[in-house]
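Participant: My questions concern the predicted model and sequence given below.
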Amino acid sequence: MAEDFLDRVVIVTGGGQGIGRAVAQGFAREGAIAVIADNDAEAGLENQAAIQAAGGRALFIETDIASEDAVRALMAKVAAACGRIDILVNNAGLSRKSSLLDDSMAAWDEVLGVNLRGTFMACKYAAPFLVRQPQSAIVNIASTRALMSEPDSEAYAASKGGILALTHALAVTLGAQGVRVNAVSPGWIEVRDWQKSRLAEQPRHSAADRSQHPVGRVGKPEDIAAACLYLSSPAAGFITGTNLVIDGGMTVKMIYAE
């Protein structure tokens, strides 16, 4: 697979920690130039250094994905520094519970502004560069929360559901210009050990945690990275507008109270 990504420029939003950290490292291992776009400079620079220490190529650009000016500037900086943009992975997002009755509309706007509006803006301003490259691709990180919910998750669920609709709309719009657009919906992905070093901790999962998943374990960021690599590769050349659920089977398992 390395030849598929050699010298290709991949932007990973929210690439400093968690799933984004693993995605950036995964592309870098395959020979790509991983651009880490994150609003946390400490995390972004740390992941850049980790990739470079492993022999890969990485560039950190501090970015507020909720700011149109910042997103537009991100694409211009990447094009200036690298000469091209081949792949965009929209991973940046906020996950927080909010009270339907008590929280202000500002809380809703903040989540939608990062998760959905930010994803749209990244696609909008990356598109002029993506259409110039052969086999270019966008992967949007949605969530199984677009398909099922917990209490007090309206903003997050709506933002991730919107990403799924945005994905198939973009796939149709950009398909004629050679850009494939797909989504990945992670389930329970353990990210505590993929945080910046001063916050990272070793996760522990109970037998009950593992048994909720038909595969017998909780997900890892590497599972999502592998999916992003596949969906961005020529092997997935006939796949666009789809949503790949990666949850170890959790959302298809019926659970009854004992």
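Facilitator: Sure, I can see it. Nothing here was measured: the structure is a model prediction, and the numbers come from that model. Residues are numbered from 1 along each chain as shown.
Participant: How far does stretch 185-197 sit from its chain's centre?
Facilitator: 12 Å (CA atoms, centre = their mean, to the nearest Å).
Participant: Over to it now: how far is its first residue from its last?
Facilitator: In stretch 185-197, first residue to last residue: 26 Å (CA to CA, to the nearest Å).
Participant: those strands in the stretch 1-150 of the chain, which residues are they?
Facilitator: With DSSP state E, counting those that start in this stretch as the definition, the stretch 1-150 of the chain shows strands at residue ranges 9-13, 33-38, 57-62, 87-90, 136-141.
Participant: any chance of the ones you listed in a markdown table, with mean neighbour count too?
Facilitator: Where C-beta positions appear, they are placed from N, C-alpha and C, glycine not excepted. Listed next are the strands of the stretch 1-150 of the chain as a markdown table, based on neighbours: other CB atoms under 10 Å:
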| stretch | mean neighbour count |
| --- | --- |
| strand 9-13 | 30 |
| strand 33-38 | 29 |
| strand 57-62 | 20 |
| strand 87-90 | 31 |
| strand 136-141 | 26 |
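Participant: May I see those organised as CSV, with distance to T240 added?
Facilitator: Compiled in CSV, the strands of the stretch 1-150 of the chain are given as follows (distance: least, CB to CB, whole Å):
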stretch, distance to T240
strand 9-13, 18
strand 33-38, 23
strand 57-62, 27
strand 87-90, 14
strand 136-141, 9
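Participant: Rebuild those as a markdown table, extending it with distance to K253 and mean pLDDT.
Facilitator: Shown next, in a markdown table, are the strands of the stretch 1-150 of the chain (distance: least, CB to CB, whole Å; pLDDT from 0 to 100):
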| stretch | distance to K253 | mean pLDDT |
| --- | --- | --- |
| strand 9-13 | 30 | 98 |
| strand 33-38 | 34 | 98 |
| strand 57-62 | 38 | 98 |
| strand 87-90 | 28 | 98 |
| strand 136-141 | 22 | 98 |
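Participant: buried set for stretch 42-53?
Facilitator: Buried residues in stretch 42-53, counting neighbours by 16 or more other CB atoms under 10 Å, are found at A43, G44, L45, E46, N47, Q48, A50, I51.
Participant: Mind putting those residues into CSV with pLDDT?
Facilitator: Listed next are the buried residues of stretch 42-53 as CSV, based on pLDDT from 0 to 100:
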residue, pLDDT
A43, 98
G44, 98
L45, 98
E46, 98
N47, 98
Q48, 98
A50, 98
I51, 98
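Participant: Could you work out the most separated pair of these?
Facilitator: A43 and I51 (12.7 Å; CB to CB).
Participant: thinking again about what came up before, could you redo the buried residues of stretch 42-53 as CSV and give each row distance to I36?
Facilitator: CSV is the format used below for the buried residues of stretch 42-53 (distance: CB to CB, whole Å):
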residue, distance to I36
A43, 9
G44, 5
L45, 9
E46, 10
N47, 5
Q48, 6
A50, 10
I51, 8
